[in-house]
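1. When you get a sec, could you give me coordinates for this:
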Amino acid sequence: MTKKKRDNKFEDQNNAKRLRQEEINDTINDESSGESETEIDYEEEHGESEKAELSGSEDNNKDNNEKSFVWNHFEKYTDNKNVTWAKCRHCSYGKYKITGTGSSTGNLNRHLKTHLDKIDPSVQRQAEFMKKFIDGENKDSNTVFSNEIFQEMLAAWIAVDDQSFTVVECPEFHQVIRLCNPNVNLPSADTIRSDILNLYSIYRQDIKNQLQNSPGRLSFTLDGWTSPNNISFLGVTCHYIDKDWKINDILLDFICLKGSHSGENMAIEFSQCVKEFNILSKIIAITADNAANNNTFLKELEEICVQNETNFHHKKNHVRCLAHIINLTTNEILKHVKAGEARDGIMILEDNSEESS
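-> The predicted model follows:
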């Protein structure tokens, strides 16, 4: 689909919504306009009434009124005094006395304008959404919309949802946002990148405070990864139980290693990471797979901890990864399963199947 077609489609959808709402208003206004003075009594719950005079052809008005649009939303009934009333189906306030056979529906139409959401619920939903977005209203706050808050939340969404920075420069994205609020100032991709880095600094400090103030000690899991262009990374995740006995898992860092996944490199980068959070002394256990470089890593980390007067033992504080152990065991078993034996088994099954058929 070309950009021009997408723009035309977007414009057609907006026009369709606008025309739908205009049709509703026109239907109500057309039935209200042209009607002369009415002779319908309106009674509210507090007992007040309003009266108006009715003129026009009784026979024509009777036929037209019975087919009127408003009777989809009003119900006729006769009380014990043989008086006919029109009662609104949507509220208890719209109660009108019908005087004569040719009563017009002017007051009924005017009352129906207060229930546009019942005529077409999409109109009300759209209005509520626009009001919340423009005014920034929600259940917890009456804060008026501001571009600063919008830009901060936009940056958070892009980071959490793994969106590209350049999504804010997409014309279709501009159309969607400006449909909600034409006055929004949309940032550039470079600005979003800067905003995300600022948010990272804020959240990093908050996490640092949480870990330092946690009542117990901390466990860590580490895993290495090499990108397709041979760049080495190390993921560091922290696990702890807070004062409410809730288990928390936080990704502390995704480190780009200077060199390979050697035990020495991993020990240097990991120790630097936990030192920045000031939690080196709170380590209780580290979980990693059974690769040889992890054994070297733990021995190197033990030396670093000794230098920093922190208790850590490369064996006692090492929790081996159970999933990796199962994976190694399964692969070892599969090595001893011969392909020839499997093929023979398949042939036997096929022979039995042919005999039974």
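2. Residue 186 should be in a helix, yeah?
-> No: using DSSP: H, G, I helix; E, B strand; the rest coil, the secondary structure at residue 186 is coil, not a helix.
3. Now the one helix or strand residue 332 maps to: buried residues?
-> Residue 332 belongs to helix 322-335 when assigned by DSSP states H and E. Under the neighbour-count criterion of 16 or more other Cβ atoms under 10 Å, helix 322-335 has residue 324 buried. C-beta coordinates here come from the backbone N, C-alpha and C atoms, glycine included.
4. Can you give the contact residues for the helix or strand where residue 319 lies?
-> Following DSSP H and E, one finds residue 319 within strand 318-320. Strand 318-320 is contacted by residues 219, 285, 286, 287, 288, 289, 290, 298 when judged by Cβ atoms under 8 Å, 6 or more residues apart in numbering.
5. Let's see which of those residues end up in strands.
-> Of these, the ones assigned to strands by DSSP state E are 219, 285, 286, 287, 288.
6. Can you tell me which of these are buried?
-> Buried members of those, scored by 16+ other Cβ under 10 Å, are 219, 286, 287, 288.
7. right, and the helix or strand after the one helix or strand residue 172 maps to?
-> Assessed by DSSP H and E, residue 172 sits inside helix 171-180. With elements assigned by DSSP H and E, the helix or strand that comes after helix 171-180 is helix 189-213.
8. by contact count, what packs against that next one?
-> helix 147-160, strand 247-256 (3 or more Cβ pairs under 8 Å, 6 or more residues apart in numbering; DSSP states H and E).
9. okay if I get these as CSV plus distance to residue 90 and mean pLDDT?
-> Compiled in CSV, the helices and strands packed on helix 189-213 are given as follows (distance: least, Cβ to Cβ, whole Å; pLDDT from 0 to 100):
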stretch, distance to residue 90, mean pLDDT
helix 147-160, 36, 90
strand 247-256, 49, 92
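10. Out of these, flag the one nearest residue 174.
-> Among those, the nearest to residue 174 by Cβ to Cβ is helix 147-160 (12.3 Å).
11. relative to helix 171-180, how tilted is the closest one?
-> Using axes from the mean of the first three to the mean of the last three Cα atoms, to 10 degrees, the direction of helix 147-160 lies 140 degrees away from that of helix 171-180.
12. Okay, angle between helix 147-160 and helix 189-213 too, please.
-> 80 degrees.
13. Which strands and helices lie in contact with helix 147-160?
-> Helix 147-160 packs on helix 189-213, going by 3+ Cβ pairs under 8 Å, 6+ apart.
14. Buried residues of the helix it packs on, list them for me.
-> Quick answer for helix 189-213 (16+ other Cβ under 10 Å): 192, 195, 196, 207, 211.
15. Let me know the average pLDDT across the helix holding residue 172.
-> The pLDDT scores in helix 171-180 average 90.
16. Which parts of it count as buried, going by neighbours?
-> Neighbour counts over helix 171-180 (16+ other Cβ under 10 Å) mark residue 177 as buried.
17. and of the buried ones among the ones in strands among the contacts of strand 318-320, the nearest to residue 239?
-> residue 219 (4.5 Å).
18. Now do that closest one against residue 204, distance only.
-> 20 Å (Cβ to Cβ, to the nearest Å).
19. How much space separates residue 214 from residue 238?
-> 9 Å.
20. okay, those two: which has more neighbours?
-> residue 238 (24 against 17; other Cβ atoms under 10 Å).
21. can I assume the more buried one sits in a strand?
-> Yes: looking at residue 238 with three-state DSSP, it is inside a strand.
22. Beta-bridge partners for it, please?
-> residue 220, residue 250 (DSSP bridges).
23. and it, what does it touch?
-> Residue 238 neighbours (Cβ under 8 Å, 6+ apart): 211, 218, 219, 220, 249, 250, 252, 279.
24. Please pick the buried ones from those.
-> Applying 16+ other Cβ under 10 Å to the contacts of residue 238 flags 211, 218, 219, 220, 252, 279 as buried.
25. shouldn't the first one be in contact with residue 239?
-> No: with contact defined as Cβ atoms under 8 Å, residue 211 and residue 239 do not form a contacting pair (10.8 Å).
26. list the residues that contact both of the two?
-> 218, 250.
27. List the contacts of residue 215.
-> Here residue 215 is in contact with 241, 242, 243 (Cβ under 8 Å, 6+ apart).
28. repeat that with 10 Å
-> Applying Cβ atoms under 10 Å, 6 or more residues apart in numbering to residue 215 gives the contacts 240, 241, 242, 243, 245.
29. And those, which is closest to residue 270?
-> Using Cβ to Cβ, these come closest to residue 270 at residue 240, 16.5 Å.
30. how far away is the closest one from residue 275?
-> 17 Å.
31. These two - which one has more neighbours?
-> residue 240 (21 against 12).
32. Got the confidence number for the more buried one?
-> Value for residue 240, per-residue pLDDT: 94.
33. That one reaches residue 285, doesn't it?
-> No: the criterion here is Cβ atoms under 10 Å, and residue 240 misses it with residue 285 at 11.1 Å.
34. who touches both of the two?
-> By Cβ under 10 Å, 6+ apart, the residues touching both residue 240 and residue 285 are 217, 218, 219, 220.
35. Which members of those define the maximum pairwise distance?
-> Top of the distance list for those (Cβ to Cβ): 217 and 220, 10.6 Å.
36. any common contacting residues for those two?
-> 240, 279, 283, 284, 285.
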